[in-house]
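Trainee: Got a predicted model here, sequence first, then my questions.
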Amino acid sequence: MNQYCGRFITFEGGEGVGKSTNIRFVAEWLQQQGVDVLVTREPGGTDIAETIRNQLLKAHHQETMSDMTELLLVFAARAQHLEALIKPALAQGQWVLCDRFTDSTIAYQGFGRGLSLELIQQLKTLVQQQLEPDCTFWLDAPVSVGMARARGRAATAGEAIDRFETEQQAFFERVYRGFAQLAASESRFRRIDASVSLDQVQSALLAALTPLLPELS
Ligand SMILES: Nc1ncnc2c1ncn2[C@@H]1O[C@H](COP(=O)(O)OP(=O)(O)OP(=O)(O)O)[C@@H](O)[C@H]1O
Ligand SMILES: Cc1cn([C@H]2C[C@H](O)[C@@H](COP(=O)(O)O)O2)c(=O)[nH]c1=O
């Protein structure tokens with residue numbers, strides 16, 4: 001458990017697997033159990049971190065964003081998010097539900113871009129110190145399923161595709177392997193099959209969360 005009164009739960013996975021949809025569902029369910037919940041996301045979550053997010057996701061810049069710039073921007077946004085929002089909320093006893101966190105950096109910048117996992121670990125220690133999520137739900141669906149859902153959502157909402165979504169399938173397959181490796185090595189990970197219907201995913205989430213409640217409380 002972390003050193004604060006609140007609990008820190010993260011939702012991870014590839015593009016379009018259902019993180020935002022299910023984080024809202026879990027937040028509502030926890031609120032019904034009387035838990036004070038804060039929902040946030042990475043990169044982003046605060047004014048400064050959202051400004052960095054806009055630069056990271058913007059599809060067209062005048063120059064190419066280097067992989068190292070991308071990595072450092074992700075951690076700059078995280079440093080601000082932790083200090084300005086996450087730690088104060090945990091200290092007040094809120095449960096923080098975060099859509100992506102450092103596991104996404106390991107998967108995208110480490111496995112996807114091929115940046116040093118050792119360097120990512122050093123930056124993680126610098127920015128997070130001892131703070132780790134208490135529990136991480138990995139929404140696991142094949143890359144093709146997530147991409148089809150993301151495209152469907154974008155078409156319905158009239159959203160433009162972002163800089164990451166312009167990557168090739170091979171990039172997202174490497175990202176997938178990153179999450180799979182993390183799930184195999186980190187005991188805080190709970191794998192949820194996200195390829196099935198939304199009702200089935202949400203039943204699986206509650207089944208995984210309910211036994212954790214006394215442990216997390
Ligand atoms: N289990 C499911 N079955 C079918 N459709 C789903 C399922 N889960 C989510 N969706 C739909 O897929 C789309 C993507 O879901 P959502 O935006 O929650 O994914 P996300 O992981 O947050 O995406 P991104 O990584 O792009 O932010 C939405 O239109 C959502 O309604
Ligand atoms: C935290 C984090 C995120 N990313 C990437 C992953 C996604 O493509 C975007 C965020 O948008 P989404 O709406 O959550 O899909 O950012 C990353 O590359 N590294 C990170 O650490």
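Mentor: Yep, that arrived. No experiment lies behind these values; they were computed from the predicted model shown. Numbering: from 1, shown residues only. Ligands and ions are numbered 1, 2, ... in the order given.
Trainee: Can you pull the residues of this structure lying near ligand 2?
Mentor: 15, 42-43, 74, 99-100, 104-105, 108-109, 164 (CB under 6 Å from any ligand atom). Where you see a C-beta, it was placed from the backbone N, CA and C, and this is true even at glycine.
Trainee: which ones among these are found in strands?
Mentor: Per DSSP state E, strands hold the following members of these: residue 99.
Trainee: Of the residues of the chain next to ligand 2, which is the nearest to residue 125?
Mentor: residue 105 (12.7 Å; CB to CB).
Trainee: Now do the same contact list for the closest residue in space to that closest one that isn't next to it in sequence.
Mentor: In this structure, residue 105 finds its nearest non-sequential neighbour in residue 74, 5.4 Å apart by CB to CB, 6 or more residues apart in numbering. For residue 74, the contacting residues are 42-43, 56, 105, 109, by CB atoms under 8 Å, 6 or more residues apart in numbering.
Trainee: Including neighbour count and pLDDT, could the residues you listed go into JSON lines?
Mentor: Formatted as JSON lines, the contacts of residue 74 follow (neighbours: other CB atoms under 10 Å; pLDDT from 0 to 100):
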{"residue": "42", "neighbour count": "21", "pLDDT": "98"}
{"residue": "43", "neighbour count": "24", "pLDDT": "98"}
{"residue": "56", "neighbour count": "18", "pLDDT": "98"}
{"residue": "105", "neighbour count": "25", "pLDDT": "98"}
{"residue": "109", "neighbour count": "25", "pLDDT": "98"}
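Trainee: ok, of these, which one's closest to residue 115?
Mentor: Within the contacts of residue 74, proximity to residue 115 (CB to CB) peaks at residue 109, which comes in at 4.9 Å.
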